[in-house]
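Colleague: Quick one, fold the following:
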Amino acid sequence: MTHPASGFALLFGIAISLAPAISARAQVDEAGDDPDATGSTTQEIYVFGRGEERIGNAGAASEGGIAGADISLRPLLRPGELLESTPGLIATQHSGGGKANQFFLRGFNLDHGTDYSVYLDDVPLNFRTHGHGQGYLDVNGLIPESVARVDYRKGPYRADAGDFSFVGSSAVATVDRLDPFVTVEAGSFDYYRVAGGGSVRVAGGDLLLIGQARLNNGPWELPEDFEGYSTLAKFTLPLGTGDLSVSYNYYNATWAPTEQIPDRVVGTPLCADRYCSLDVTLRGDSERGIFTVNFLSDDWRITAFAQHYDWSLLSNFTFFLEDPANGDQIRQYDSLWTYGGRLEHTARLSSSMTLRVGAEARYDDIARVGLDETIAGATERTVGAFAVEEASLGLYAEAVWRPIERLMVIAGIRADWYDFETRALEGAASWSGSVSDDALGPKIGLNYEIADGFAVYANRGEGFHSNDARGVTSPIDPAPGLVEGDFEELGFRVERGGLILTGVYWWSSIESELIYVGDSGAVEPSNPGERHGYELTAFYRPLDWLAIDAVWTGTTSRFTGLPKGENFVPGALESSGELGAIAAFADWNAAVRLRYLGPHALLEDNSVRGEATTLVNARIAWTPQNLQSNEGWEFHLELLNAMNSDGNDIDYFYETRLPGEPLGGVAGTNSRIVEPRQLRIGLTRRF
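Modeller: This is a model prediction of the structure:
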């Protein structure tokens, strides 16, 4: 395992050693400046979203975003790592490449998305009631070339973000236009990727088409056999003072889950090494289509969407604990339509005040969601299957007041109403019921620029997440419909001489961490939780060809209502960090990133702990072409897990049982190793 300090030193060494020899071409899309333009022009300049000046615009020191070179030059093992642009956010994986990532942020083990929301072109991607539990967030269908920027926030300080945005949120915006390209990639462990697309002028607007095919077996004994196909069709047209966009996103994937295994089994006849699989019959599939209409101007933000989703996953987390004869394999599944949208208007009330008011509505019509016990993929019995209807309405208002020069005050409020209705379809553990709940969340923020390029911030907000409708309507120990909490933070921001530095200290409390656990089909309560911590972020561009960014966070997470020393929150990271460097000249570019996932308790009494994991990823590209044209070739190479770390991507402590072990099972750590060092090479042709 690499120590973080030595890893940081290594990263800087690589960046400095590469810098004199490498160069790159920068692309700045300016077609929007010329309505008659048929494509983008190229300038010898790189744009970094991290380098944007935000004093006087950002509502909190912890707001930010990535764009341009931050995205296009970032080495990626999986699409979910784009979301790690949120400082302190870690995206890992405990199953195959088709399952949603496991997320960690501000001391919260966010599972697959609870308390962390993502919007794609203003469409919420989290599923509220899902076969694998509430908040399920799958971004595996993202096409990196289609992402224009990712804006992130921490805490519930802004009124326009509702469900699952308590800890953080990200808004992913896709490109409107793109020069035609084709990319072919191949790599270790049977990794292949083909992507291509471009845009053309049609009827006074831009028609964009992008597609991607991604295949991967991975290093596992059971090949992942991952096949994922993504497409994006988007038409953007100037309309009045804004832009109208109509888009369709489609994603389809199949894979063999490669899950965590008990550490004690490694080196036995059952499992030669940490890449083994104890149930080779596991399979998963996912299909998702989103139709979206957006209109965006300085005054209006209007979105409408319709989405269809089918998903099924076989899992086996405890092996022979519950059923010593047939095993504990389960199937979780989900099939739904969801509809929704947003209507928002911003009015300038005076030279010093603006008011934003909006409404956000959503309706989920789930035809069937449930849990089956299975044997080698064949249904043994249905534990519980439901039809679910879930509707919500959120109304919000937010005022921005600048009473004096350099001072900005933001005050907002959001009210949400939810209706949960379940109808039993099959299985003994299914029921019918209807529940309503509501939440009211005030928000307040102040920031003041003390001196040129130096501002201080204070924020407080209340937010919530919804629980799975099956847990909310349960006749036994029902979960609350909406779980509320509050966040506060104090921070500063420095923007001087190519340096952007932010620091934040924050506090949070949440009234209950009670959730529906899809793995067991039951509701599992926990005590309320309290957390506090700090975050330091930096972006520095000392030279035109060099950009460096860094993040370091520290967090203390505890349950309330439990004795001291027995109140640790399992899975809550105590620290995390990231360090990146990009060097770019005329024909070459290179990037290297270090990510540190810190130590954490695995049990409430802290008697078992998870160790830290440090990863280094690198990318280098050569673009031998005319700098005044987008046409040409690019050759790139990615070295992932360059130091060949054997740390954990994820770890847990719970009971499992293997053949021959006591019927009560054996309590122990269960983990999934990070993927080993691997090389990927690619070729891109731009036209």
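Colleague: drop to CA atoms for contacts and neighbour counts, all remaining ones
Modeller: Will do.
Colleague: how far away is the most centrally placed residue in the chain from residue 492?
Modeller: Nearest residue to the geometric centre of the chain (C-alpha atoms, centre = their mean): residue 83, 4.5 Å. Per C-alpha to C-alpha, to the nearest Å, residue 83 is found 23 Å from residue 492.
Colleague: Check residue 546 too.
Modeller: From residue 546 to residue 492 the distance is 25 Å (C-alpha to C-alpha).
Colleague: what are the ranges of the helices in the stretch 401-550 of the chain?
Modeller: Here the stretch 401-550 of the chain has its helices, by DSSP state H, counting those that start in this stretch, at 469-472.
Colleague: all strands of it, in order?
Modeller: Under the criterion DSSP state E, counting those that start in this stretch, the stretch 401-550 of the chain contains strands at 407-426, 433-451, 454-466, 482-496, 499-510, 515-517, 522-524, 529-543, 546-559.
Colleague: ranking those by mean pLDDT, which is last?
Modeller: Note on the strands of the stretch 401-550 of the chain: strand 515-517 shows the lowest mean pLDDT, a mean of 48.
Colleague: still on that earlier bit, closest one to residue 252 among the strands of the stretch 401-550 of the chain?
Modeller: Closest to residue 252 of the strands of the stretch 401-550 of the chain is strand 515-517 (C-alpha to C-alpha; 25.1 Å).
Colleague: Would you map the strands across the stretch 1-150 of the chain?
Modeller: Using DSSP E, counting those that start in this stretch, strands in the stretch 1-150 of the chain cover 64-67, 90-92, 102-105, 108-109, 116-120, 123-124, 147-154.
Colleague: Which one of the ones you listed lies nearest to residue 271?
Modeller: strand 90-92 (22.8 Å).
Colleague: any idea how far residue 221 is from residue 270?
Modeller: Distance from residue 221 to residue 270, counting by C-alpha to C-alpha: 12 Å.
Colleague: same check, this time on residue 113
Modeller: Relative to residue 270, and taking C-alpha to C-alpha, residue 113 is found at 33 Å.
Colleague: so where's the protein shaky on pLDDT?
Modeller: Within the chain, the ranges that satisfy pLDDT under 70 run 1-46, 513-525, 625-630.
Colleague: For it, which segments are assigned as helices?
Modeller: For the chain, the helices defined by DSSP state H occupy 4-18, 69-72, 469-472.
Colleague: picking up where we left off before, and residue 113 and residue 270? Which one has more around it.
Modeller: Legend: neighbour count by other C-alpha atoms under 10 Å for residue 113 and residue 270, higher for residue 113 (26 against 13).
Colleague: List the contacts of that one.
Modeller: Counting by C-alpha atoms under 8 Å, 6 or more residues apart in numbering, residue 113 makes contact with 102, 103, 126, 134, 135, 136, 137, 164.
Colleague: how far away is it from residue 220?
Modeller: Distance of residue 113 to residue 220, given as C-alpha to C-alpha: 25 Å.
Colleague: repeat for residue 617
Modeller: As judged by C-alpha to C-alpha, residue 617 and residue 220 stand 20 Å apart.
Colleague: Since that was my last question, I'll sign off now.
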